[in-house]
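Asker: I'd like to go over a predicted model; first the sequence, then the structure.
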Amino acid sequence: MKIELSTLKKSERLSLSLRKLFEQYSYRKFSMNRMEEYSFYAQNINFLSSKHIITFSDSDGRLMALKPDITLSIAKTASTHNEKLTKLYYIESVFRLSKEAGGFNELNQMGLECIGEITPYTVVEVVSLALKSLWQIGDEEYALDISHQGLITGLFEGMGINRGDMSVMMRFIAEKNKHDLESFAREKGVSDENTDKLLRFLSISGDLANGILELHKISDGNVVMDMAIAEIAMVANAIKSPCLRLQTSLVSDTDYYNGILFNGYVSSVPTAVITGGRYDNLLARMGKADMGGIGFAICFDAIERYMRSQIAATVPTYVYYDENVDVARVYSAAEAVTSGGGTACVCTALPDDANESNTIDLTSGNGGRR
Amino acid sequence: MLNIALPKGRLGNKVYALLDKLGYSCPELLEDNRKLVFENAASGVRYFLVKPTDVATYVERGAADVGVVGKDILREKDYDLYELMDLKFGKCRMAIAAKNGYVEDPDSVLRVATKYTNTTKRYFSSIDREIEIIELHGSIELAPILDLSDVIVDIVETGSTLRENDLSVIKEIENISARLIANKSSYRFKENEIRQLEEKIGKEI
């Protein structure tokens, strides 16, 4: 079967090329039900980017939800059977409250997940596939920001900051908001030396080599931070791409994420198009402490919204007929157009752009092109 | 080219004066005309003049790379952007005000008139106070005078409007000032230009 790629939307072409990419690395396609019991999401509500979920009662009275997230469902059903590592990819819809739509939206996502024994190579492979996926989007510029949850947890724990204050400070770090972070730290009695460390930490972004040097200075022997820095350096050393950048403002919920984190950007889209990371803590919360997990999702809707492809405009050939024309003759004329690769538009009233060159007039008295 | 969203009005004029001084000039912006987009290729800037409440939306959605907006507006919505600097001007306070002599009845639901509904909900929820919000879009001070509300939540700069209407501040909620914000994607691809802008402003204020 020959497929005319120019008629496909950007996200459709992208999903075809990413399928090939993921399958080259032995990921298997995984399909799932669009519904899940609501109680499952209620237990893991902080994992979700939005707390709003579409719910409904099933015929047996159970409160069900349309899936707002795919990773949670994959993590729930994950079992490695005979394999040490399960490698999956999916193309699914999720249902979320959208600021843009002002209500719930069905969003198309593609993503991949590795669950089981996560080795350093697995981490490198997943990060490199995120980078390759960004390249496949085909924008002028792209960048994959990388960080590690251990950086922030090590930093805060080393300073003895409690969980409540930590979550406020994490928000300021995610906003690159130095001024409010500084005021808050002083208000909470954080020492000048530690406040300075927090502000230096927040400012790290861009070049990986320089960023890693600066992180070592801030860590100053902090074991958790040093392990995180070593893992970032391991990924950077294996992938060696100028498009892989350090970004300490990349933070996530510590209840779920524990290792490498990454977000991908392309220059035409104002928001992250790829979000991913390591989520062993999520699996542990589901009673699967012996398993690790890492993966990412690609938001097709953002790509489609900001990078609309120019679908080649098709100029149809109008097959114009009236009640006096035999249907077999109309059918035969339409088939002649489509079998030659053209587009047939069979009509009983001619549109404004119809002319002699694009119309086959079958009405009485006319036997061919108008 | 750095795309900058400026709020129309007094705050925008003040920000432009600062940026002009730092080399981000666009003399056309000072002319008396109705244009909304101003560009100066030599300075590498393009300015958009937009309604103050829309600046964050232009930046969040990437129509502008950076912008200047009041903290009151940022606190109202959950914008996905970077808040890079406190510009330390456009200073005012988000406050609760009531008619002079007002005594709160802690046993009844407090009626609060405001255009800052989310900020108001967040504050009263933090002190566990039940309220009824009356959403208004202007002349908020009128609400307690006409007994439409018990109190108002609004930004207060000098307090003269309150005084002239026999109202006064009963509680300050937070300090407000102008903030430099940036789009997250622009920060990746125009990081040097944005950091340079930050540094220059930092030295000036």
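Answerer: All right, it came through fine.
Asker: Can you pull the residues of the stretch 101-250 of chain A lying near chain B?
Answerer: A:141, A:143, A:145, A:175-180, A:205-206, A:245, A:249 (Cβ under 8 Å from any Cβ of the partner chain). Every residue, glycine included, has its C-beta placed from N, CA and C.
Asker: filter these to the buried ones?
Answerer: Buried residues within those, defined by neighbour count using 16 or more other Cβ atoms under 10 Å in any protein chain shown: A:A143, A:D145, A:E175, A:K176, A:N177, A:K178, A:H179, A:D180, A:S205, A:G206, A:R245, A:S249.
Asker: Name the next helix or strand following the strand ranked longest in chain B along the chain.
Answerer: Counting residues, the longest strand in chain B under DSSP state E turns out to be strand B:167-176. Per DSSP states H and E, the first helix or strand lying C-terminal to strand B:167-176 is strand B:178-182.
Asker: hmm, who's touching that next one?
Answerer: A:176, B:11, B:15, B:55-56, B:59, B:65-71, B:74, B:79, B:81-90, B:194, B:197-198, B:201 (Cβ atoms under 8 Å, 6 or more residues apart in numbering or on different chains).
Asker: run the last query once more with 7 Å
Answerer: B:11, B:15, B:56, B:59, B:65-71, B:74, B:81-87, B:89-90, B:194, B:198, B:201 (Cβ atoms under 7 Å, 6 or more residues apart in numbering or on different chains).
Asker: Return the helix or strand in chain B with minimum mean pLDDT.
Answerer: Using mean pLDDT, DSSP states H and E, the weakest-scoring helix or strand in chain B turns out to be strand B:37-40, at a mean of 89.
Asker: Please export the C-alpha coordinates of it as PDB.
Answerer: Once non-C-alpha atoms are left out, strand B:37-40 reads as follows in PDB (Å, rounded to 0.1, in the frame of the first residue of the first chain):
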ATOM      1  CA  VAL B  37       4.000  46.600  17.700                       C
ATOM      2  CA  PHE B  38       7.300  48.500  17.600                       C
ATOM      3  CA  GLU B  39      10.500  47.200  16.300                       C
ATOM      4  CA  ASN B  40      14.100  48.300  16.200                       C
END
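Asker: For chain B, what's its nearest residue on the stretch 51-200 of chain A.
Answerer: Across the stretch 51-200 of chain A, the shortest distance to chain B (Cβ to the nearest Cβ) belongs to A:H179, at 3.9 Å.
Asker: Now that residue. Nearest residue, chain neighbours left out?
Answerer: B:D86 (3.9 Å; Cβ to Cβ, 6 or more residues apart in numbering or on different chains).
Asker: can you confirm A:D255 is in a strand?
Answerer: No. Under DSSP: H, G, I helix; E, B strand; the rest coil, A:D255 sits outside any strand and is assigned coil.
Asker: quick one: secondary structure of the residue of chain B found nearest chain A?
Answerer: Closest residue of chain B to chain A, Cβ to the nearest Cβ: B:G62 (2.7 Å). At B:G62, secondary structure determined by three-state DSSP is coil.
Asker: Kindly confirm whether my reading is correct that it touches A:A272.
Answerer: No. With contact defined as Cβ atoms under 7 Å, B:G62 does not count as touching A:A272 (12.0 Å).
Asker: in the chain, which spans are helices?
Answerer: No chain specified, so I'll use chain A. A:10-24, A:38-43, A:71-77, A:120-137, A:149-159, A:163-174, A:178-187, A:192-202, A:208-219, A:223-239, A:280-285, A:300-306, A:327-339 (DSSP state H).
Asker: Can you look at chain B instead?
Answerer: Going by DSSP H, chain B shows helices at B:10-21, B:55-60, B:71-76, B:117-126, B:142-145, B:160-164, B:184-189, B:191-204.
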